[in-house]
Structures are given as C-alpha cells and as structure tokens.
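J.: only the shape, not the letters, is given here:
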DNA sequence: ACGTACACCGTACGTCGTGGGGTACGGTGC
DNA sequence: GCACCGTACCCCACGACGTACGGTGTACGT
C-alpha cells in the first residue's frame, strides 16, 4: 500500500545491512561503488553519474549494482557521506571554538572544490550518514565551552554550513556556466559584464550601475574568511548566563 | 569553433530577441511557456519538467519549443526569473533598511514554499535575469543609507539570500524525502529519530545524543526571523567612516 | 547434504533531451 | 505586386537514462 516499488527494507540506506550472510560473497563493497561514482562525478558532474557508467567503472553489469544499492538516489546518499569522510577531524577540539569552526569551514570549502557536484547534492540529500554524524559530533565538541545552548550550537553549525555551501555554489555555478558555454572564466565574466552593461544602460538601475562600474571582484578567499568570521562573531555574543573564564 | 552545438546567438537567453520580425507570427511568448513549466514544476518538482510535458501543456509539439528556447537549461533560467517577478517591491525603501531586507527575506521564503523547486534551481542557475536585477536594485536602494560600502552591501544581500535558500532547502529536502518514501512528515521524522537513536546508542556520539534527546524542534518561523536578524545585526556594525545619525 | 537466499546479468519498457529535415507562412527588398 | 528567404511548426529518430523482470549459478545455515 505504501509507496510504489520501495523494497520491504528500511528507507535509510545506512540502516540496511551490507551483507546478510547468506548466498554468494558480494564482489564489491558499497564504498567501492560509491567511490567509483564519486570519481565519475568529479570529472563530469553529478549528471554524468549513471548506473551504466558506474557499473562499467567498477566492472560489473548495470543491474548488478541494484544488489548493493536500492536506487540511484541512495547511491547519491552514499556518495555524499563518502566524501564526508574526507574531513580530518582532530581527536580533540583545540579549545578555541572559533578557530575550530573556521577550520571546518575551510575543509568544507576545499571539499566543495574537489567535488564540484557536492554542494548541489548535500542540499537535496541532506540526510545524516555516519560521517556527517562524526562531523556533527566534533563540531558540538568544539562548541562545548562556547556558552551557547544546544539549540544555538546546532543553529550555528547549520549556519556555517549553509554559508559555505551558498558561497561555493555561486562560485561553482558561474564556473559551470562558463565551461558549458565554451568560454574561459575570463571570457564568461567579460560576456556577463557586457550583458549587464547593456541592461543597465537604460538608466533604470542606477545603483546597480554604480556597483558594477567599480567591479573590483575581490579575492574570494579573503571574502570567505571575512564572512565566516562575521557569522561566528554574530553568535559569539549569545553566550548563556553561566560565566566563562575567558 | 567555440563550443559544440550552441547556436550562433548570444549565450544569455535574455540577450536573445524574442522576435526578429521575419517569418510567421509565433503562437506563444516565452513567458507563457515558462509559466507552463513553472506550473508543472510546482506540482511535480523540477524533475517533472520535460520538454514534452511543457509542450503538451502549452499546446504544441515538443520540438516547437525549441523555437522559443535554445535548450532546457535556458528554460529553467526563464522559470527562475519569471517567479523572481513575484517580488512585490515597494516604489521606495521605507527608510529602515533592516525592516526592508527582512521583508525581502520573508517574501523570498514564501516564494520558496510556493515553488519548492526554486531553491535548487537558483543555486545551479544563478544568472541575473531582468527581475533579479530589479530585486537587486531595490535591495541596494534600501541599503543606501546603511553606511555600508558597495562591496559590503552586495555581500549582505548575498548573505541574506544564501541564508534563506539554505534554510528553505533543508526544510524542503526533508519534506521531499518524506513524500517520496510514502510517509507523512511525522512518520518520516519518527523514522529518522529512530535511526538516529540506534546510531547514537553505541555511545560514540555522546553530545549528539544529548542534543537529540531533547529535540524540541522549535517553530521554524521564529528561528527564521532570529537567524536573519542575526545576519543583519552582523553587518549593522560595519558602517563606514562617515557618521550616520543613529 | 540439502534447500534456499542471494549475487549476477541479459533483455526490455517507458521516458528523457534534442538533431535533421520537410512544409507553410509572412515581413522585406526590388 | 512579386519573389525571396528566415522562421514557426511538426514528425521521426537516435542514443542514453532508471529500473522491473526473470533466469542461472553459488555458498551459507540447517
């Protein structure tokens, strides 16, 4: 009665055991398959990840993948969590929660650049896999002595995450657009500037015109640090009633 | 020489004239087509938007759409900018820039709920169409007397945008997940809680366990206002050297 | 040792975006 | 007024997609 063709198992891929003990030994692991999918996505975008391509990459027939993964959506879940394992989480927080969160943000940004499909994937598949949970646990540990209550801790973590994703997305989307129109990034920027100049020339967007006139396009790295710092500062003042011995 | 099969025209859909004057009169306008596509996406997600479905919706053959739109990607551009026209921008800013930006954020959030596909679409197709430019112009006008320099104004606008999108995305992604697994939102939340409880039970995520234990799930609306307010506050202190009569 | 659950895979169905090419229409230049 | 030709329209077709189905062989639990 429930949905269409979902199997009887749980609807969370990580709650589904990888092996039941019966029958022939599987030739691969989920991680191998997910890793192959990640490789494909890294150099062709998420759209290039097809069951056929993943299958040939790992070396099996297309339909054999369905012995490991109930559907393609779950494969993307696995991909997201697999790259989530690339976080290098220290065993213990440093004691400076601002520095720790900034470090996490830097790592996340680097991951988004290594895996340009990641930003889009996490937004539509925001389920918490094991690696995401480890990340969360560490971030919470880093915020342990921040004075924030639990709700604010989660809020801040989500905020940092969202900010990183949104900054990375806009970077990546323009790069993507440039690539698919066959231009270099500079050609694309120039074309876009020309388009905007033509639009703005009608005089109905005076402020926009002034902003675009001195388009300095500041170094993205500095902007990133500044914005994340601002987010952290915004929460730093919200410490709870108990005094902290700073 | 340039790309593969791009037509000779400009690579920005809005720079392409809708009618050149020669040949038979077009039966539709781009806006009609985009509106049909929006209707389809509203009730089936962006994945439900196919050239065939849009064509039957407007009442023409599939391939006839390509007389109006060079590719499906450009159709999505048109869709994004079409709903961008739903902003109700006052003729003049109110004079309180915080209130104005909060108002814009509320409108944006409402749009994301009316059009659940929008969040994902703007992130991958972040090009500036006419309506997006009007939005930007108004936001800049609202920030005219904020004391922020132009770079910070744009940064703040992007930040508010990104925050709204990221909050909306996470809401929508869980709703989507619930729907496609055939559960109601409560069933889904319960299933997810059960999954997390089982994971967390191994004791290796103590802080996470505590956070999930008192999962209050606060009212989303309040959190939204609070977070946006925090973002605005974070920039309110960055006024430039010229004194403002606060 | 047996039975059976499961890994494997070939085939097939419906859908997708879109290229090619034929036909009818209607502004533009003589 | 007429010829021209760029454009709108549409049918057909291609390759790729996700995945349902059903058959075959293997190795574990009993």
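T.: Nice, I can see it. All values reported here derive from a predicted model rather than from experimental measurement. Residues are numbered from 1 along each chain as shown, chains lettered A, B, ... in the order given.
J.: quick one: the closest residue to residue A:18 other than its chain neighbours and chain B, what's the gap?
T.: Leaving aside its sequence neighbours, residue A:18 sits nearest to residue A:30 (C-beta to C-beta, 6 or more residues apart in numbering or on different chains; 5.9 Å). In this view, the C-beta of every residue, glycine as well, is placed from N, C-alpha and C. Distance, residue A:30 to chain B, using C-beta to the nearest C-beta, to the nearest Å: 17 Å.
J.: so residue A:30 touches residue A:79, yeah?
T.: No: look at residue A:30 against residue A:79 with C-beta atoms under 8 Å: they stay out of range, at 10.5 Å.
J.: more crowded one of these two?
T.: Set side by side, residue A:30 and residue A:79 show more neighbours around residue A:79, with 27 against 19, by other C-beta atoms under 10 Å in any protein chain shown.
J.: which residues are in contact with the more buried one?
T.: A:34, A:37-38, A:41, A:49, A:121 (C-beta atoms under 8 Å, 6 or more residues apart in numbering or on different chains).
J.: can you check residue A:205 too?
T.: A:199, B:133-134, B:136-137.
J.: for PyMOL, what selects the buried ones among those residues?
T.: Entered in PyMOL, the line below selects the buried ones among the contacts of residue A:205, by 16 or more other C-beta atoms under 10 Å in any protein chain shown:
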select buried, (chain A and resi 199) or (chain B and resi 133+134+136+137)
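J.: from the contacts of residue A:205, which land in helices?
T.: Residues of these located in helices (DSSP state H): A:199, B:133-134, B:136-137.
J.: quick check: mean pLDDT across the helix or strand containing residue A:107?
T.: With secondary structure defined by DSSP states H and E, residue A:107 is part of helix A:97-114. Per-residue pLDDT over helix A:97-114 has a mean of 97.
J.: so residue A:82 sits right up against residue A:132, yeah?
T.: No: judged on C-beta under 8 Å, residue A:82 makes no contact with residue A:132 at a distance of 10.8 Å.
J.: report the buried residues of the lowest-mean-pLDDT helix or strand in chain A.
T.: Taking mean pLDDT, DSSP states H and E as the measure, chain A has helix A:185-200 as its least confident helix or strand, at a mean of 87. Using 16+ other C-beta under 10 Å as the test for burial, helix A:185-200 gives A:188, A:191-192, A:195-196, A:199-200.
J.: tell me the confidence at the residue nearest to residue A:18?
T.: Reported pLDDT for residue A:30: 95.
J.: where does chain A have low pLDDT?
T.: A:1-10, A:215, A:240-246 (pLDDT under 70).
J.: if you set the cut-off to 80 instead, what comes out?
T.: A:1-11, A:19-21, A:23, A:181-182, A:214-218, A:238-246 (pLDDT under 80).
J.: state the distance from the residue sitting nearest the centre point of it to residue B:111.
T.: Taking C-alpha atoms, centre = their mean, the centroid of chain A lies closest to residue A:119, which sits 3.9 Å from it. Taking C-beta to C-beta, to the nearest Å as the measure, residue A:119 falls 21 Å from residue B:111.
J.: now do residue A:113
T.: Counting by C-beta to C-beta - residue A:113 and residue B:111 are separated by 30 Å.
J.: so for those two, which sits in the more crowded spot?
T.: residue B:111 (18 against 14).
J.: ok, the more buried one - contacts?
T.: B:83, B:86-87, B:118.
J.: tell me the two of these that are most distant?
T.: B:87 and B:118 (12.3 Å; C-beta to C-beta).
J.: more neighbours, these two?
T.: Using other C-beta under 10 Å as the criterion, residue B:87 and residue B:118 rank with residue B:118 on top: 25 against 17.
J.: what's the nearest residue to the more buried one if we skip its chain neighbours?
T.: Looking at residue B:118 with C-beta to C-beta, 6+ apart, the closest residue is residue B:112, at 5.4 Å.
J.: element containing the closest residue to residue A:200 other than its chain neighbours, please.
T.: Closest residue in space to residue A:200, ignoring its immediate chain neighbours: residue A:209 at 4.3 Å, by C-beta to C-beta, 6+ apart. In this structure, residue A:209 sits in helix A:206-213 according to DSSP H and E.
J.: angle of that helix against helix A:185-200?
T.: Comparing the axes of helix A:206-213 and helix A:185-200 via axes from the mean of the first three to the mean of the last three C-alpha atoms, to 10 degrees yields an angle of 160 degrees.
J.: for helix A:206-213, name the packing helices and strands.
T.: helix A:185-200, helix B:130-142, helix B:150-180 (3 or more C-beta pairs under 8 Å, 6 or more residues apart in numbering or on different chains; DSSP states H and E).
J.: for residue A:164, state which of the ones in helices among the contacts of residue A:205 is nearest.
T.: residue B:136 (22.8 Å).
J.: re the thing from before, need the contacts of residue A:205 in TSV with distance to residue A:179, can you?
T.: Compiled in TSV, the contacts of residue A:205 are given as follows (distance: C-beta to C-beta, whole Å):
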residue	distance to residue A:179
A:199	24
B:133	24
B:134	29
B:136	25
B:137	29
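J.: which residues of chain A lie near DNA strand C?
T.: A:19-20, A:22-28, A:60-64, A:66-68 (C-beta under 7 Å from any atom of the strand).
J.: which of those residues count as buried?
T.: Applying 16+ other C-beta under 10 Å to the residues of chain A next to DNA strand C flags A:28, A:60, A:64, A:68 as buried.
J.: tell me the spacing between the third one and residue A:75.
T.: In this structure, residue A:64 and residue A:75 are 13 Å apart, going by C-beta to C-beta.
J.: same question, residue A:88
T.: Computed as C-beta to C-beta, the residue A:88 to residue A:75 distance reads 25 Å.
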